[in-house]
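>>> Fold the following and give me the result.
(2 chains)
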Amino acid sequence: MLRFGAGSSDMRKILKDDIFLLRLKLIVIMCKAYLHDYPMGKYRREAIIENARSVFDLLSQISSEYAERYGHIFNLQTYAESKGEKNLYFDVFQQRVHLLAVMAKALAEGSPMGYFRTKALKDNIDSICEVITFNSNVGDIKFLKVA
Amino acid sequence: MRIAIRSNVKIAVVDDDKLTRDLVVNALMYCVNRDVLSFENGFSALAYLDTDKDSPDIIVSDVDMPEMNGLALLESIKKKWPSKICVIMSEDPASEKSASDLGADAFLAKPFKITDLFNIVQKYIVDTE
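Numbering: from 1, shown residues only, chains lettered A, B, ... in the order given. As a prediction, this is how the structure comes out:
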(Lines give C-alpha, C1' and ligand atoms only; values in the text may rest on other atoms or scores of the structure.)
Protein backbone atom coordinates (compact mmCIF):
# COMPACT_ATOMS: atom_id res chain seq x y z
CA MET A 1 0.00 0.00 0.00
CA LEU A 2 1.39 3.36 -1.02
CA ARG A 3 1.32 6.22 1.45
CA PHE A 4 0.75 9.91 0.84
CA GLY A 5 0.14 12.93 3.04
CA ALA A 6 1.16 13.82 6.59
CA GLY A 7 3.56 11.77 8.68
CA SER A 8 1.95 9.54 11.31
CA SER A 9 2.81 11.90 14.16
CA ASP A 10 1.46 14.93 12.25
CA MET A 11 -1.92 13.50 11.31
CA ARG A 12 -4.96 15.52 12.32
CA LYS A 13 -8.33 16.68 11.05
CA ILE A 14 -8.33 19.03 8.06
CA LEU A 15 -9.57 22.44 9.15
CA LYS A 16 -11.21 25.20 7.13
CA ASP A 17 -7.93 27.11 7.29
CA ASP A 18 -6.15 24.16 5.66
CA ILE A 19 -8.78 24.03 2.93
CA PHE A 20 -8.22 27.73 2.20
CA LEU A 21 -4.47 27.30 1.82
CA LEU A 22 -4.87 24.15 -0.29
CA ARG A 23 -7.35 25.86 -2.58
CA LEU A 24 -5.11 28.93 -2.83
CA LYS A 25 -2.14 26.80 -3.88
CA LEU A 26 -4.33 24.93 -6.34
CA ILE A 27 -5.53 28.18 -7.92
CA VAL A 28 -1.90 29.34 -8.22
CA ILE A 29 -1.09 26.11 -10.07
CA MET A 30 -4.16 26.49 -12.26
CA CYS A 31 -3.13 30.02 -13.25
CA LYS A 32 0.50 29.06 -13.82
CA ALA A 33 -0.60 26.20 -16.07
CA TYR A 34 -2.68 28.68 -18.06
CA LEU A 35 0.33 31.01 -18.37
CA HIS A 36 2.34 28.05 -19.68
CA ASP A 37 -0.35 27.49 -22.35
CA TYR A 38 -1.24 24.07 -21.01
CA PRO A 39 -4.49 22.72 -22.49
CA MET A 40 -7.68 23.58 -20.66
CA GLY A 41 -10.78 21.69 -21.67
CA LYS A 42 -14.29 21.84 -20.34
CA TYR A 43 -13.71 20.21 -16.97
CA ARG A 44 -10.54 22.12 -16.21
CA ARG A 45 -12.41 25.35 -16.87
CA GLU A 46 -15.22 24.26 -14.56
CA ALA A 47 -12.70 23.31 -11.91
CA ILE A 48 -10.98 26.70 -12.11
CA ILE A 49 -14.26 28.59 -11.82
CA GLU A 50 -15.39 26.44 -8.90
CA ASN A 51 -12.05 26.85 -7.13
CA ALA A 52 -12.06 30.61 -7.65
CA ARG A 53 -15.55 30.79 -6.14
CA SER A 54 -14.48 28.69 -3.16
CA VAL A 55 -11.34 30.76 -2.55
CA PHE A 56 -13.45 33.90 -2.62
CA ASP A 57 -15.97 32.41 -0.16
CA LEU A 58 -13.29 31.12 2.22
CA LEU A 59 -11.38 34.40 2.06
CA SER A 60 -14.28 36.26 3.64
CA GLN A 61 -14.23 33.82 6.53
CA ILE A 62 -10.61 34.16 7.59
CA SER A 63 -9.21 37.04 9.57
CA SER A 64 -5.89 38.66 10.25
CA GLU A 65 -5.53 36.23 13.15
CA TYR A 66 -4.98 33.59 10.47
CA ALA A 67 -1.57 35.09 9.81
CA GLU A 68 -0.78 34.85 13.51
CA ARG A 69 -1.86 31.21 13.75
CA TYR A 70 0.01 30.25 10.62
CA GLY A 71 2.93 32.63 10.94
CA HIS A 72 5.37 29.88 10.14
CA ILE A 73 4.04 29.55 6.62
CA PHE A 74 3.42 33.22 5.98
CA ASN A 75 6.37 35.32 5.03
CA LEU A 76 4.85 38.45 6.50
CA GLN A 77 7.70 38.67 9.00
CA THR A 78 9.93 39.77 6.15
CA TYR A 79 7.81 42.82 5.66
CA ALA A 80 6.28 43.51 9.02
CA GLU A 81 7.60 44.03 12.50
CA SER A 82 4.68 45.12 14.60
CA LYS A 83 1.34 43.33 14.86
CA GLY A 84 -0.28 46.38 13.31
CA GLU A 85 2.01 46.17 10.30
CA LYS A 86 1.38 42.43 9.98
CA ASN A 87 -2.36 43.06 9.94
CA LEU A 88 -1.90 45.70 7.24
CA TYR A 89 0.18 43.43 5.06
CA PHE A 90 -2.27 40.60 5.61
CA ASP A 91 -5.09 42.88 4.48
CA VAL A 92 -3.14 43.55 1.29
CA PHE A 93 -2.51 39.83 0.91
CA GLN A 94 -6.24 39.15 1.23
CA GLN A 95 -6.96 41.68 -1.52
CA ARG A 96 -4.38 40.04 -3.74
CA VAL A 97 -6.00 36.65 -3.22
CA HIS A 98 -9.37 38.17 -4.02
CA LEU A 99 -7.90 39.60 -7.20
CA LEU A 100 -6.37 36.25 -8.12
CA ALA A 101 -9.76 34.56 -7.76
CA VAL A 102 -11.27 37.16 -10.09
CA MET A 103 -8.43 36.76 -12.58
CA ALA A 104 -8.72 32.95 -12.55
CA LYS A 105 -12.46 33.03 -13.13
CA ALA A 106 -11.99 35.48 -16.01
CA LEU A 107 -9.38 33.40 -17.78
CA ALA A 108 -11.41 30.22 -17.35
CA GLU A 109 -14.44 31.96 -18.84
CA GLY A 110 -12.35 32.91 -21.86
CA SER A 111 -12.06 36.62 -21.22
CA PRO A 112 -9.44 38.27 -23.41
CA MET A 113 -6.09 38.54 -21.66
CA GLY A 114 -3.47 40.51 -23.54
CA TYR A 115 -0.01 41.52 -22.47
CA PHE A 116 -0.86 43.72 -19.47
CA ARG A 117 -3.45 41.40 -17.96
CA THR A 118 -1.03 38.51 -18.33
CA LYS A 119 1.70 40.53 -16.65
CA ALA A 120 -0.64 41.58 -13.86
CA LEU A 121 -1.58 37.92 -13.32
CA LYS A 122 2.08 36.89 -13.15
CA ASP A 123 2.94 39.70 -10.76
CA ASN A 124 0.00 38.88 -8.50
CA ILE A 125 0.93 35.20 -8.41
CA ASP A 126 4.55 36.07 -7.59
CA SER A 127 3.48 38.35 -4.73
CA ILE A 128 1.15 35.76 -3.26
CA CYS A 129 3.72 32.99 -3.57
CA GLU A 130 6.24 35.13 -1.71
CA VAL A 131 3.87 35.42 1.25
CA ILE A 132 2.87 31.76 1.40
CA THR A 133 6.40 30.67 0.42
CA PHE A 134 4.96 28.42 -2.26
CA ASN A 135 7.32 27.43 -5.01
CA SER A 136 5.26 25.47 -7.49
CA ASN A 137 6.95 24.43 -10.67
CA VAL A 138 4.11 23.44 -12.97
CA GLY A 139 6.66 22.12 -15.42
CA ASP A 140 7.12 19.19 -13.04
CA ILE A 141 3.42 18.30 -13.30
CA LYS A 142 3.63 16.71 -16.72
CA PHE A 143 0.07 15.40 -16.92
CA LEU A 144 -1.18 18.99 -16.95
CA LYS A 145 0.33 19.26 -20.43
CA VAL A 146 -2.22 16.80 -21.76
CA ALA A 147 -5.97 16.91 -21.73
CA MET B 1 8.30 9.87 -23.12
CA ARG B 2 4.66 10.07 -24.05
CA ILE B 3 2.17 10.93 -21.34
CA ALA B 4 -1.58 10.41 -21.49
CA ILE B 5 -4.43 10.40 -19.05
CA ARG B 6 -6.05 6.95 -19.05
CA SER B 7 -8.98 7.10 -21.40
CA ASN B 8 -12.45 6.68 -19.89
CA VAL B 9 -11.07 6.70 -16.35
CA LYS B 10 -13.80 7.28 -13.79
CA ILE B 11 -13.10 8.57 -10.32
CA ALA B 12 -15.33 8.81 -7.27
CA VAL B 13 -14.73 10.72 -4.03
CA VAL B 14 -16.56 9.68 -0.87
CA ASP B 15 -16.50 11.95 2.20
CA ASP B 16 -19.20 13.30 4.48
CA ASP B 17 -17.21 16.51 5.03
CA LYS B 18 -18.31 18.78 2.20
CA LEU B 19 -15.29 21.11 2.30
CA THR B 20 -12.79 18.28 1.96
CA ARG B 21 -14.93 16.37 -0.54
CA ASP B 22 -15.37 19.40 -2.78
CA LEU B 23 -11.66 20.22 -2.63
CA VAL B 24 -10.59 16.71 -3.62
CA VAL B 25 -13.21 16.56 -6.40
CA ASN B 26 -12.13 19.98 -7.67
CA ALA B 27 -8.42 19.11 -7.69
CA LEU B 28 -8.94 15.73 -9.36
CA MET B 29 -11.33 17.16 -11.95
CA TYR B 30 -8.72 19.75 -12.82
CA CYS B 31 -5.91 17.20 -13.03
CA VAL B 32 -7.68 14.69 -15.28
CA ASN B 33 -10.00 17.09 -17.13
CA ARG B 34 -12.91 14.71 -16.62
CA ASP B 35 -15.98 14.66 -14.47
CA VAL B 36 -15.46 13.25 -10.97
CA LEU B 37 -18.31 11.65 -9.03
CA SER B 38 -18.90 12.51 -5.39
CA PHE B 39 -20.81 10.80 -2.58
CA GLU B 40 -21.56 11.82 1.00
CA ASN B 41 -21.47 8.34 2.42
CA GLY B 42 -20.39 4.78 1.78
CA PHE B 43 -23.91 3.46 1.21
CA SER B 44 -24.68 5.76 -1.70
CA ALA B 45 -21.26 5.10 -3.20
CA LEU B 46 -21.73 1.34 -2.97
CA ALA B 47 -25.23 1.54 -4.39
CA TYR B 48 -23.90 3.43 -7.40
CA LEU B 49 -21.10 0.94 -7.90
CA ASP B 50 -23.66 -1.88 -7.78
CA THR B 51 -25.98 -0.44 -10.38
CA ASP B 52 -23.78 1.37 -12.87
CA LYS B 53 -22.00 -0.75 -15.43
CA ASP B 54 -19.56 2.09 -16.07
CA SER B 55 -18.80 2.43 -12.39
CA PRO B 56 -15.71 4.23 -11.11
CA ASP B 57 -12.30 2.63 -11.49
CA ILE B 58 -10.79 4.65 -8.68
CA ILE B 59 -12.47 5.42 -5.38
CA VAL B 60 -11.02 7.95 -2.94
CA SER B 61 -12.78 7.58 0.38
CA ASP B 62 -12.56 9.05 3.84
CA VAL B 63 -12.68 6.61 6.75
CA ASP B 64 -14.73 8.49 9.31
CA MET B 65 -18.26 8.61 7.90
CA PRO B 66 -21.61 7.82 9.50
CA GLU B 67 -23.54 4.60 8.81
CA MET B 68 -20.93 2.99 6.58
CA ASN B 69 -17.35 4.06 7.20
CA GLY B 70 -14.60 4.04 4.59
CA LEU B 71 -13.06 0.79 5.81
CA ALA B 72 -16.38 -1.05 5.46
CA LEU B 73 -16.74 0.46 1.98
CA LEU B 74 -13.21 -0.62 1.13
CA GLU B 75 -13.89 -4.16 2.28
CA SER B 76 -17.07 -4.36 0.18
CA ILE B 77 -15.39 -2.97 -2.90
CA LYS B 78 -12.38 -5.25 -2.72
CA LYS B 79 -14.61 -8.28 -2.18
CA LYS B 80 -16.78 -7.57 -5.23
CA TRP B 81 -14.39 -5.73 -7.52
CA PRO B 82 -10.80 -6.45 -6.47
CA SER B 83 -9.31 -4.62 -9.45
CA LYS B 84 -10.81 -1.26 -8.49
CA ILE B 85 -8.27 1.16 -7.03
CA CYS B 86 -9.10 2.28 -3.50
CA VAL B 87 -7.42 5.25 -1.85
CA ILE B 88 -8.31 5.68 1.81
CA MET B 89 -8.10 9.10 3.53
CA SER B 90 -7.89 9.52 7.27
CA GLU B 91 -6.63 11.71 10.11
CA ASP B 92 -6.34 8.67 12.41
CA PRO B 93 -3.00 6.85 12.33
CA ALA B 94 -4.75 3.66 13.48
CA SER B 95 -6.68 3.55 10.21
CA GLU B 96 -3.53 3.03 8.19
CA LYS B 97 -2.97 -0.57 9.24
CA SER B 98 -6.65 -1.38 8.92
CA ALA B 99 -6.68 0.04 5.40
CA SER B 100 -3.62 -1.97 4.48
CA ASP B 101 -5.09 -5.17 5.91
CA LEU B 102 -8.26 -4.67 3.89
CA GLY B 103 -6.35 -4.24 0.65
CA ALA B 104 -6.29 -0.49 0.11
CA ASP B 105 -4.04 0.52 -2.76
CA ALA B 106 -3.02 3.77 -1.10
CA PHE B 107 -3.43 5.68 2.13
CA LEU B 108 -3.76 9.46 2.11
CA ALA B 109 -2.99 10.82 5.57
CA LYS B 110 -4.66 14.07 6.55
CA PRO B 111 -3.71 16.84 6.34
CA PHE B 112 -2.38 16.39 2.83
CA LYS B 113 -0.89 18.72 0.23
CA ILE B 114 -2.12 19.43 -3.26
CA THR B 115 1.00 17.67 -4.53
CA ASP B 116 -0.15 14.49 -2.74
CA LEU B 117 -3.28 14.50 -4.91
CA PHE B 118 -1.12 15.12 -7.98
CA ASN B 119 1.09 12.17 -7.02
CA ILE B 120 -1.97 9.95 -6.74
CA VAL B 121 -3.07 11.04 -10.20
CA GLN B 122 0.41 10.41 -11.56
CA LYS B 123 0.49 6.93 -10.05
CA TYR B 124 -2.97 5.66 -10.95
CA ILE B 125 -4.36 7.75 -13.77
CA VAL B 126 -1.49 8.74 -16.01
CA ASP B 127 -0.09 6.35 -18.60
CA THR B 128 3.49 6.84 -19.61
CA GLU B 129 5.18 5.14 -22.52
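
>>> which residues of chain B fall in helices?
Taking DSSP state H to define them, one finds helices in chain B at B:18-32, B:42-51, B:70-80, B:94-101, B:114-124.

>>> Packed most tightly, which of these would that be?
Compared across the helices of chain B, helix B:18-32 shows the largest average neighbour count, a mean of 23 (mean count of other Cβ atoms under 10 Å in any protein chain shown). C-betas here are computed from N, CA, C, even on glycine.

>>> Residues contacting that one from elsewhere in the structure, which ones?
Helix B:18-32 is touched from outside by A:14, A:16, A:19, A:22-23, A:26, A:30, A:43-44, A:46-48, A:50-51, A:54, A:143-144, B:5, B:9, B:11, B:13-15, B:35-36, B:38, B:40, B:60, B:62, B:89, B:110, B:114, B:117-118, B:121, B:125, with contacts defined as Cβ atoms under 8 Å, 6 or more residues apart in numbering or on different chains.

>>> In chain A, where is pLDDT below threshold?
Scanning chain A for pLDDT under 70 picks out A:63-87.

>>> can you pull out the strands in chain A?
A:2-5 (DSSP state E).

>>> can you tell me how far A:L100 sits from A:S127?
Counting by Cβ to Cβ, to the nearest Å, the gap from A:L100 to A:S127 is 9 Å.

>>> out of the two, which sits in the more crowded spot?
More neighbours surround A:L100 than the other of A:L100 and A:S127, with 24 against 15 (other Cβ atoms under 10 Å in any protein chain shown).

>>> What's the local residue count around the spatially closest residue to that one that is not a sequence neighbour?
Once flanking residues are discounted, A:L100 sits nearest to A:N124: 5.5 Å by Cβ to Cβ, 6 or more residues apart in numbering or on different chains. The number of residues packed near A:N124 is 19, by other Cβ under 10 Å.

>>> if I pick A:N124, what's in contact with it?
A:N124 neighbours (Cβ under 8 Å, 6+ apart): A:96, A:99-100, A:103.

>>> Try it again at 6 Å.
A:96, A:99-100 (Cβ atoms under 6 Å, 6 or more residues apart in numbering or on different chains).

>>> where does it sit relative to chain B, distance-wise?
19 Å (Cβ to the nearest Cβ, to the nearest Å).

>>> circling back: any chance of the helices of chain B in a markdown table, with distance to A:Y38 and mean pLDDT too?
Converted to a markdown table, these look like this (distance: least, Cβ to Cβ, whole Å; pLDDT from 0 to 100):
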| stretch | distance to A:Y38 | mean pLDDT |
| --- | --- | --- |
| helix B:18-32 | 11 | 96 |
| helix B:42-51 | 31 | 92 |
| helix B:70-80 | 33 | 96 |
| helix B:94-101 | 33 | 96 |
| helix B:114-124 | 13 | 93 |
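
>>> A:G5: which of those helices is closest?
Nearest to A:G5 among the helices of chain B is helix B:114-124; the distance by Cβ to Cβ comes to 5.1 Å.

>>> Any idea how far apart the tips of stretch A:34-47 sit?
For stretch A:34-47, the separation between the terminal residues is 13 Å (Cα to Cα, to the nearest Å).

>>> now do stretch A:139-147
15 Å.

>>> from the chain's centre, how far out does that stretch sit?
Centre-to-centre, stretch A:139-147 and its host chain are 18 Å apart (Cα atoms, centre = their mean, to the nearest Å).
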